[in-house]
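Engineer: Output the structure for:
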Amino acid sequence: MARKKAVVITGGAGFLGSHLSDRFIQEGMKVICVDNLITGSMNNIAHLQKNKDFKFIKHDVSKELRFADKVDYVLHFASPASPVDYLMHPIPTLKVGALGTHNTLGLAKFKKARYLIASTSEVYGDPLQHPQKETYWGNVNPIGPRGVYDEAKRFAEAITMAYKRYHNVDTRIVRIFNTYGPRMRINDGRVVPNFIYQAFNNKAITVYGNGKQTRSFCYYSDLIEGITRLLYSDNEGPVNIGNPDEFSILEFAKLVIELSGSKSTICFEPLPTDDPKQRKPDITLAKKLLNWEPKVKLKQGLEDTIKWFKDNMQD
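Structural biologist: Prediction:
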């Protein structure tokens, strides 16, 4: 009988990591989930705990990572990912992007495993190019408050390519744009859970600036499909995975109020430092190389997400 393939997922108890754990369990793999639970939650993987092909290891990947298991894939998804989280944990964010990426690349090298790093649209900073192509080098303030996340991810991409060129590690880079869906933390500070929380409580929806800044929201199931296709493909990346449908934050706030049946009004606050004015992925590469594009429209995805939050309301 053929050995089951094994995948290590760092940040595997987080929003995206837990959905990836589900995906690879469904595909018949063994999943080794590594998470220090700084922003992840055991609730996200509770349904997998009794599965014989699932193993959870509580560990900070900024420290050395070793185990005896045979490994075929290493996916590095460990990192605070919302402004609230990485502004609260700036040093751990930098460490997991630098030391964590170094350690997980070392693991992939030692195990001769394929490696995929979760990068982000934040590498483009406050972009001067619209939409953003993978060839764009970005406009990032390295010493601003968001720099701890932006530069951690830019360094992660650089060391990933160094390991590919110098050690011949089989690497992939995915640049993830705004993603939403079930298992997000209601208090994580990102726009989707923040607006939903305020709407549920009939509080004023907080829109920063004039609300004309734009975002492109990708439903988690579309993102997981794109990541999986990149992992299995012969394309190293970086590849943008996100939804190119662009909405202003004000439009988005009004849609959340409508779909949740809320009585919330909208209030305006000053724009945070270095907040991007536009964010939209060019997914030409993903379409061409992976035959991928998102399928879930914003209204449908938001309805499903709002329902999940109603059923799983958490502080």
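
Engineer: Tell me which stretches of the chain form helices.
Structural biologist: Secondary structure of the chain (DSSP state H): helices at 15-26, 83-88, 90-111, 147-167, 191-200, 220-232, 249-260, 284-290, 298-311.

Engineer: which residues does C33 bridge with?
Structural biologist: Per DSSP bridges, residues listed as beta-bridge partners of C33: I9, F56.

Engineer: Distance check, it against I283.
Structural biologist: Computed as C-beta to C-beta, to the nearest Å, the C33 to I283 distance reads 29 Å. From N, CA and C alone the C-beta is placed, and that goes for glycine too.

Engineer: Tell me which of the helices of the chain lies nearest to K277.
Structural biologist: Closest approach to K277 among the helices of the chain (C-beta to C-beta): helix 249-260, 10.5 Å.

Engineer: what separates the closest one from the chain centre, distance-wise?
Structural biologist: Put simply, helix 249-260 sits 23 Å off its chain's centre (C-alpha atoms, centre = their mean, to the nearest Å).

Engineer: which helices and strands sit right next to it?
Structural biologist: Under the contact definition 3 or more C-beta pairs under 8 Å, 6 or more residues apart in numbering; DSSP states H and E, helix 249-260 sits against helix 191-200, strand 205-208, strand 214-216, strand 266-269, helix 298-311.

Engineer: Minimum distance to Y136: which of those has it?
Structural biologist: Y136 lies closest to strand 214-216 among those, at 15.1 Å (C-beta to C-beta).

Engineer: Please produce a markdown table containing the helices and strands packed on helix 249-260, extended by mean pLDDT, distance to R3 and mean neighbour count.
Structural biologist: Shown next, in a markdown table, are those (pLDDT from 0 to 100; distance: least, C-beta to C-beta, whole Å; neighbours: other C-beta atoms under 10 Å):
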| stretch | mean pLDDT | distance to R3 | mean neighbour count |
| --- | --- | --- | --- |
| helix 191-200 | 88 | 40 | 21 |
| strand 205-208 | 86 | 51 | 19 |
| strand 214-216 | 85 | 40 | 21 |
| strand 266-269 | 86 | 54 | 13 |
| helix 298-311 | 93 | 36 | 16 |
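
Engineer: Tabulate those in TSV, adding columns for distance to D222.
Structural biologist: Shown next, in TSV, are the helices and strands packed on helix 249-260 (distance: least, C-beta to C-beta, whole Å):
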stretch	distance to D222
helix 191-200	14
strand 205-208	25
strand 214-216	12
strand 266-269	28
helix 298-311	8
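
Engineer: closest to N44 out of those?
Structural biologist: N44 sits nearest to helix 298-311 of all the helices and strands packed on helix 249-260, at 12.0 Å, using C-beta to C-beta.

Engineer: Show me the contact partners of that closest one.
Structural biologist: By C-beta atoms under 8 Å, 6 or more residues apart in numbering, the residues outside helix 298-311 that reach it are 180-184, 186, 192-193, 196-197, 200, 217, 219, 243, 245, 247, 252, 255-256, 259-260.

Engineer: make it 6 Å
Structural biologist: For helix 298-311, contacts defined as C-beta atoms under 6 Å, 6 or more residues apart in numbering pick out Y180, G181, P182, I196, F217, Y219, L259, S260.

Engineer: Please identify which of these is nearest to L107.
Structural biologist: Checking those against L107 with C-beta to C-beta, the nearest one is G181 at 28.4 Å.

Engineer: gap between the residue lying closest to the closest one once chain neighbours are set aside and I25?
Structural biologist: For G181, ignoring the flanking residues on the chain, the nearest one in space by C-beta to C-beta, 6 or more residues apart in numbering is Y220 at 3.4 Å. Y220 sits 16 Å away from I25, taking C-beta to C-beta as the criterion.

Engineer: For the two, work out which one has more neighbours and name it.
Structural biologist: Neighbour comparison, Y220 and I25: the larger count goes to Y220, with 22 against 17 (by other C-beta atoms under 10 Å).

Engineer: who's in contact with that one?
Structural biologist: By C-beta under 6 Å, 6+ apart, the residues touching Y220 are H19, T179, G181.

Engineer: Of the helices and strands packed on helix 249-260, which is nearest K52?
Structural biologist: Minimum separation from K52 across the helices and strands packed on helix 249-260 (C-beta to C-beta) falls at helix 298-311, 27.5 Å.

Engineer: CA atoms only for that closest one - export them in CSV, please.
Structural biologist: The C-alpha coordinates for helix 298-311 follow below in CSV (Å, rounded to 0.1, in the frame of the first residue of the first chain):
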residue,chain,number,x,y,z
LEU,A,298,-19.2,39.1,-2.8
LYS,A,299,-22.9,39.1,-1.9
GLN,A,300,-23.0,35.2,-1.7
GLY,A,301,-19.8,35.0,0.3
LEU,A,302,-20.9,37.7,2.7
GLU,A,303,-24.2,36.0,3.3
ASP,A,304,-22.5,32.8,4.2
THR,A,305,-20.0,34.6,6.4
ILE,A,306,-22.6,36.6,8.2
LYS,A,307,-24.6,33.3,8.8
TRP,A,308,-21.4,31.7,10.2
PHE,A,309,-20.8,34.6,12.6
LYS,A,310,-24.4,34.5,13.8
ASP,A,311,-24.0,30.8,14.5
